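> I need the structure of the sequence given here:
(2 chains)
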Amino acid sequence: MININDSAKERTFDAIVIGSGISGGWAAKELTEKGLKTLVLERGRNVQHLKDYPTTNMMPWEFPHRGQVPLDIAEANPVVSRCYAYREDAMHFFVKDQEHPYVQDKPFDWIRGYQVGGKSLLWARQTQRWSDFDFEGPARDGFAVDWPIRYKDLAPWYSHVEKFAGISGDRDGLPQLPDGEFLPAVGLNDVEKYFRDVVAKSYKDRHVIYGRCAHLTEPQQIHLDQGRVQCQNRTLCQRGCPFGGYFSSNASTLPWAAKTGNLTLQPDSVVQEILYDDKKQKATGVRVIDAHTKAVTDYFAKVIFVNAGALNTNLLLLNSVSGRFPNGLGNDSGTLGKYVAFHNYRARISALCHDFKQVNDEGRRPTSAYLPRFRNLYKQETDFLRGYAAGFFAGRGNHHDTSGFGRGLKEQLAAKTLGPWYVGSHMMGETIPKASNTVSLDPSKKDEWGMPLLHINIAYDDNDEKMVKDFQEQFTEMYTKAGFTDIRVEDSKQAPGLDIHEMGGARMGHDPETSVLNKWNQVHACTNVFVTDGACMTSTSTQNPSLTYMALSARAVDHAVTQLKKGEI
Amino acid sequence: MHVNRRSAIRQLLIISAGAALLPACVNDKKPAAAAYNNLDISVDDEAMLAAIAGTLIPATDTPGAREVDAHAFALRMLNDCYKKEDRERFVSGLQQFRDGVRKKYNKSYAACTSVEQEAIITAAAARQDAGDDAAYFYNTFKRLTIQGYTSSEYYLTKVEVYKLVPGKYISSVPV
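Numbers count the residues shown, from 1 in each chain, chains lettered A, B, ... in the order given. Sure, this is the predicted structure:
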């Protein structure tokens, strides 16, 4: 089966990156910029910036179902259909349940995007830095293992990736949400400012700020050099942006890597395993199955970056079995596939604000207000561990009276009647990584590409339940203090996974006995393999994780190249 | 091709069998457009829905729901996005509506005068909370017609202008 028509030399690179999503794109950019001939393997099809965004300039009336997913597709694909962004305009960027099966030992909505760019095309683009309140969490509160890094280790790399990606935000001076290299924030509207002031007056440690997000509000030369221009507030990001207004691998890191002349991007390439040489005591390359022809080809490199997406990275490492690693590459500790965690997005609250009748906002924005974590920040103060961040949004829409029919109805539909302000928040809760939250390989069932089906066995716990309740209580209190009315709280009870923030399984740690990766995201016992996607995460914080994956990827590449030059890997 | 010929014959048989079972008064019915394959309705029913759309949101000096094909949008949504039981409820309500009109006026809805049509819709609107299939038909069709009209090219370019590229966000404007 091995393709021997071309020479091994032609299939040998300095570096291989498995996956082209948000972290793989960064690994590719950094490796190629540092002069390494780099092969990026993507299991899905190619999606080129601008060229492959078929819906990007479509008007609402051009969608036959005005955005709604037809019933036969929704019923055949119940998992992905629960994702908020799986709509008529972006369906083509999501994996359909039927095509890529997995086993839910417990309900888990695994949302995937198999294409060049991965989910970086589809992400919600919220980019909050982590702080030492996050990195010190496991050690302080006695769960998981201690992070082998602290904020100071990552801070320069946050700056490095922020400058290139383009992050908008305010400098808020909050220790729990460090400031970064920001382009101007778009800003809060009047009701959001009012709520900010109410919260500031009522609570010492609670803050309402404008969220930081990966949008070019004021493009710098480095962004123009990428061919990206100012964000136009279309808020149609999930279609792919013709302006490159938000950061994605497609618009930013991959074309940048290509410009170096050192990038080979190969779509439709499913990596089956990482090849380990027992004699050389290192990884030598990867085995790839062509997604269409199923032909098997090996590729070789000195260093391998695994960025397949958190759970697929676990799958790939578990499936990379050798004499040295009978239980999966780097799995001496037996923790590979365990301590998987996610974000708790179950609770929401909404209400009405009947003040500020004389004003409205105009246009659209890429994000709105954000409340960093305030629970258990400086010390343990509740009956649950950790806490939650939250969004806050205020908006006002035109209401149409749809009663009656005839000329009267037609006139009503043409009349703009501004309703009251609507306000809403959703929780983003930290979950505690546990040995019992696992992914593992099915002993016999395989997919079309010969990969074992992934078992996902992940659930909420009592800590999560308490946090849902606390969010609802605390936000009801804050909304009440603000004088909002018609307050409604909701617990969606959504399955884990729908947050699309699955993390861990190949966690970083000091000790090879209890973790898979060291402080440089390097597999403890196979130092030329790096994992810099969500699989590496020791704990989950409350902040959206993608910015941290980017910073970890850039930092790991820097270390890898330094070590390569010294001949240490 | 053999398979196509066989399926064509089978289809023909089904259509003939259906026609044989239909009561005489609706014997002139042709099935509706192929795009509505999940809905048991005829071309006449389509024409009736177009006329109802015209009563709900009439053409004045500007286009109405019928002119922007809101009825076709409604049928497409019903056909493609609604569950089987809801589609059947809709069709059952539609049939009651259609037969009721014929019984009372001895002609189709489309053939009624606009005064008669308004009287029919007034009566349907009066029982919108009845909770039966007829009310379901009326409420669903009206809602979808409004959605089709307010998301049409006409409405979004002439009435409430949709901006694909809105540009600057302004946080506070007086109203």
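
> residues near the closest residue to residue A:273 other than its chain neighbours, how many?
Nearest non-adjacent residue to residue A:273, counting by C-beta to C-beta, 6 or more residues apart in numbering or on different chains: residue A:320, 4.3 Å away. C-betas here are computed from N, CA, C, even on glycine. Close neighbours of residue A:320, defined as other C-beta atoms under 10 Å in any protein chain shown, add up to 24.

> Can you check what pLDDT the model gives residue A:320?
Note for residue A:320: predicted pLDDT of 98.

> chain center to the strand or helix carrying residue A:73, what's the gap?
For residue A:73, the host element (DSSP states H and E) is helix A:71-76. Relative to its parent chain, helix A:71-76 has a centroid offset of 26 Å by C-alpha atoms, centre = their mean, to the nearest Å.

> same deal with stretch A:270-285?
Counting by C-alpha atoms, centre = their mean, stretch A:270-285 is centred 28 Å from the centre of its parent chain.

> likewise stretch A:291-301?
Worked out by C-alpha atoms, centre = their mean, stretch A:291-301 lies 28 Å from the chain centre.

> Could you list the buried residues of that stretch?
A:291, A:297-301 (16 or more other C-beta atoms under 10 Å in any protein chain shown).

> Leaving out the residues flanking it, which one is nearest to residue A:83?
Per C-beta to C-beta, 6+ apart, closest to residue A:83 is residue A:111, 4.9 Å.

> Can you read off the pLDDT for that neighbour?
On the pLDDT scale, residue A:111 is placed at 98.

> Just confirm it contacts residue A:94, I think it does.
Yes - applying C-beta atoms under 8 Å as the test, residue A:111 and residue A:94 come out as touching, 7.1 Å apart.

> Count the neighbours of residue B:84 for me.
Other residues close to residue B:84 by other C-beta under 10 Å number 9.

> scratch that, residue A:339
28.

> what does residue A:498 give?
A count of nearby residues for residue A:498, using other C-beta under 10 Å, gives 21.

> Below-threshold pLDDT in the chain: ranges please.
Defaulting to chain A. Filtered on pLDDT under 70, chain A yields the residue ranges A:1-6.

> that's the other chain; I wanted chain B
In chain B (pLDDT under 70), the answer is B:1-29.

> Strands of that one, residue ranges please.
B:170-174 (DSSP state E).

> How about the stretch 151-300 of chain A?
Secondary structure of the stretch 151-300 of chain A (DSSP state E, counting those that start in this stretch): strands at A:167-168, A:182-183, A:209-210, A:263-266, A:269-277, A:282-290, A:296-306.

> and of those, who's closest to residue A:419?
Residue A:419 lies closest, by C-beta to C-beta, to one member of the strands of the stretch 151-300 of chain A: strand A:209-210, at 24.0 Å.

> Flag every residue of the stretch 151-300 of chain A that's near chain B.
Residues of the stretch 151-300 of chain A that fall close to chain B, judged by C-beta under 8 Å from any C-beta of the partner chain: A:186-190, A:232-234, A:236.

> what are the ranges of the helices in the chain?
I went with chain A, as the question did not name one. A:22-33, A:71-76, A:78-81, A:132-135, A:137-141, A:151-165, A:190-202, A:221-224, A:254-259, A:310-318, A:407-414, A:462-481, A:546-565 (DSSP state H).

> Correction: the question concerned chain B.
With DSSP H as the criterion, chain B has helices at B:2-21, B:43-56, B:70-81, B:84-105, B:114-126, B:133-150, B:153-154.

> Save these as TSV, and put in distance to chain A too.
TSV is the format used below for the helices of chain B (distance: least, C-beta to the nearest C-beta, whole Å):
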stretch	distance to chain A
helix B:2-21	20
helix B:43-56	5
helix B:70-81	4
helix B:84-105	9
helix B:114-126	5
helix B:133-150	6
helix B:153-154	5
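
> Would you convert the strands of the stretch 151-300 of chain A into TSV that also reports distance to residue B:125?
Shown next, in TSV, are the strands of the stretch 151-300 of chain A (distance: least, C-beta to C-beta, whole Å):
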stretch	distance to residue B:125
strand A:167-168	49
strand A:182-183	53
strand A:209-210	46
strand A:263-266	60
strand A:269-277	58
strand A:282-290	61
strand A:296-306	62
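
> among the ones you listed, which is the most enclosed?
Highest mean neighbour count among the strands of the stretch 151-300 of chain A (mean count of other C-beta atoms under 10 Å in any protein chain shown): strand A:167-168, with a mean of 25.

> Show me the contact partners of that one.
Residues from elsewhere that reach strand A:167-168 (C-beta atoms under 8 Å, 6 or more residues apart in numbering or on different chains): A:127, A:180-186, A:212-218, A:231, A:366, A:547.
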